[in-house]
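Novice: sequence-free structure coming up:
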C-alpha cells in the first residue's frame, strides 16, 4: 500500500481500538488490540502520518526513535524491594518507570488526554540487549512490571533489511501479535502531499518530468546512494530559505540532500533551466497580464518538457496566491469567532482590555496544549500565532488610545478587524486576476490543446488552487473543465505526453 492508504488504515484502526460499548468497555479488548507495525523504505513519511493522525483525531502523540535508547532507559533502572512470601521476607527486583511509559503519563497529566498513539520508530534496529524487551512490549504492552495505559495504540515503524544492515528479523511469535502494513513509495501520493505542503515548484516540476528519480536507493562501489521523499522535501525548504537570503543553490548543496550523484546533477541542471525559464518567459509578467507576443511564440515552439516546466511555474505561483488567500480567510474566520466572544463579554459589563487579554491567554493555552499533545502542524501553529498577535494588537491599541467603554471598544475593534477583511478581499482579487491572466495566456498560446486540459487537471488536483476556485470561482476554469467530464481524458493526456516525449527523443537521436 502507499503511505496515504496506510494513514487511513491506521486511523481506522485507532477508531476501532477506541470504540466502546454501551457499558463503557472497549469493543476490542486491550489484549486483542494489536500494535501496528509499519514497514517500508526510509524517508517516505511514516513519522509524519502519525503526527497528522494525532492532529486529525484529537488524541495525544508520544514519539520515540528507539535506536536512541538503552535497555535501562527503555525499561527503567532496577532497585531492591522487600516482599513477604509464605511468611518469609524476601528481596525482589523492581524497576523504576520506563522513560517511554513515563512520557505517556506525563502527556496525559499535562493535557488531560487519556488516549493516544505511542510511536516507536526504527523498531527493528534496537540494540541486542534491548531487543528482548521491545519484543515483550509489542507482545504484552509492558516494560518490566509496568503496562502501557489503556486507550493507547502502539504504532511501530521499521525499514526492510535491504535498506538497513542493522535490522533484526521478527520471529513468527511476534509477527503473529502485530498488525503489519507494508508501505511503498508512490509519487502520485507524494505529489498530492507536496501540493498541500507547498513544496518548491522546481522540485515538483522536476519530479513530474523525472518521476523515476523521486525515490531511488542504489548500492554502488562508493557505498549506498539514494534520493528519498524526505530528501526532496528538506531540499525544498532549503531552496526557499536560500532564495529569501539571496543565496545560490548549487550542485554541491543539492548533493547534500539528494545523495545519488546522477540525480543531484540532473536536478542541479534542471534548477538552472527553471531559473532561466523564469527569466525567459517572465512568469510574473504573465500573471499580471503584461506578456509579449514573442513569449507566446517561444513557448508554443518549445519542447514538451519545457512547456510542462513553464506551466509548473504558473501553477506554483497560482498556488502561492491561493494559499495566501486561504490562510487570510482562515484568520478572519478565527478572529470573527473571537470577536463574537468579545462582544458578548463586554456586553455583560466586562472591561474590554481585560476581555481581550483573556482571549489571548485562552488561545496561548490552546497553542501550548496542542504542542504538548503532539497535534500541532506548522500551518495550524502559524494560524494560531497570527490570531494571538492580532488580538494582542487590538488590546494594546485600546490601551494606547485610552478606549474603555464597551460600545466604543467594540466599534474600534470592529474597524481594526475590517482591515483583515479588506486584506482578504485584496488577496482574493489579486489571486483571481492571476488565474484569469494565466488562462488567457495559455489560451492564446495553445488554443484548445492538451496543455490546457493538463493545466485544468492540475488546478483541480491542487489543494490550494481547487479551494480557491471552489470559494471564489474562475470562469475560465469552469469553461475548460467541461472537457474533463469525459472518462478517457486522463488516459488521453498521458498517451499524448508519452507520444510527444517519444517523438522528441527520436528526433534528438537522428540529430
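Specialist: Sure, I can see it. Nothing here was measured: the structure is a model prediction, and the numbers come from that model.
Novice: And the residue nearest to the spatial centre of the chain, its phi and psi?
Specialist: Centroid-nearest residue in the chain: residue 197, 5.5 Å away (criterion: CA atoms, centre = their mean). Torsion angles at residue 197 (phi, psi; degrees, to the nearest 10) stand at phi -90, psi -10.
Novice: ok, now the one 4 residues further on?
Specialist: In this entry, residue 201 is assigned phi and psi values of phi -60, psi -30 (degrees, to the nearest 10).
Novice: Identify the residue spatially nearest to it, adjacent ones excluded.
Specialist: Among residues not flanking residue 201 along the chain, residue 316 sits closest, at 2.9 Å (CB to CB, 6 or more residues apart in numbering). No exception for glycine: its C-beta is placed from N, CA and C like everyone else's.
Novice: Okay, helices next: where are they in the stretch 301-450 of the chain?
Specialist: Counting by DSSP state H, counting those that start in this stretch, the stretch 301-450 of the chain has helices at residues 304-347, 352-372, 378-400, 406-446, 450-461.
Novice: Can you list the buried residues in the last one?
Specialist: Of the residues in helix 450-461, those buried by neighbour count under the rule 16 or more other CB atoms under 10 Å are 450-459.
Novice: mind listing what the residue lying closest to the residue nearest to the centre of the chain once chain neighbours are set aside touches?
Specialist: Excluding the flanking residues, the one nearest residue 197 by CB to CB, 6+ apart is residue 233, at 7.4 Å. When contacts are counted by CB atoms under 8 Å, 6 or more residues apart in numbering, residue 233 touches 194, 197, 199.
Novice: Assign the last one to helix, strand or coil.
Specialist: Translated: residue 199. Here residue 199 is recorded as coil under DSSP: H, G, I helix; E, B strand; the rest coil.
Novice: That one touches residue 236, doesn't it?
Specialist: Yes. Residue 199 lies in contact with residue 236 (CB atoms under 8 Å); the separation is 4.6 Å.
Novice: Check the residue nearest to residue 197 and give its pLDDT.
Specialist: We note a pLDDT of 91 for residue 233 in this prediction.
Novice: ok, now residue 337?
Specialist: 92.
Novice: coming back round to it: of all the helices of the stretch 301-450 of the chain, which lies closest to residue 48?
Specialist: Comparing the helices of the stretch 301-450 of the chain against residue 48 with CB to CB, the closest turns out to be helix 378-400 (11.3 Å).
Novice: How far does the closest one sit from its chain's centre?
Specialist: Distance of helix 378-400 from the chain centroid (CA atoms, centre = their mean, to the nearest Å) equals 24 Å.
Novice: Please apply the same query to stretch 344-363.
Specialist: Mean-position distance between stretch 344-363 and its chain equals 34 Å (CA atoms, centre = their mean).
Novice: Any regions of the stretch 351-500 of the chain where pLDDT drops low?
Specialist: Along the stretch 351-500 of the chain, the parts satisfying pLDDT under 70 run over 482-500.
Novice: And residue 334, how far from residue 176?
Specialist: Taking CB to CB, to the nearest Å as the measure, residue 334 and residue 176 are separated by 48 Å.
Novice: hmm, I was thinking of residue 237
Specialist: 41 Å.
Novice: now swap in residue 192 and tell me
Specialist: Residue 192 is 34 Å from residue 176, by CB to CB.
Novice: who touches the stretch of helix or strand residue 50 belongs to?
Specialist: According to DSSP states H and E, residue 50 maps onto helix 46-57. Helix 46-57 has contacts (CB under 8 Å, 6+ apart) with 3, 6-7, 10-11, 14-15, 38, 40, 59-61, 63, 116-117, 119, 121, 155, 157, 183, 370, 373-377, 380.
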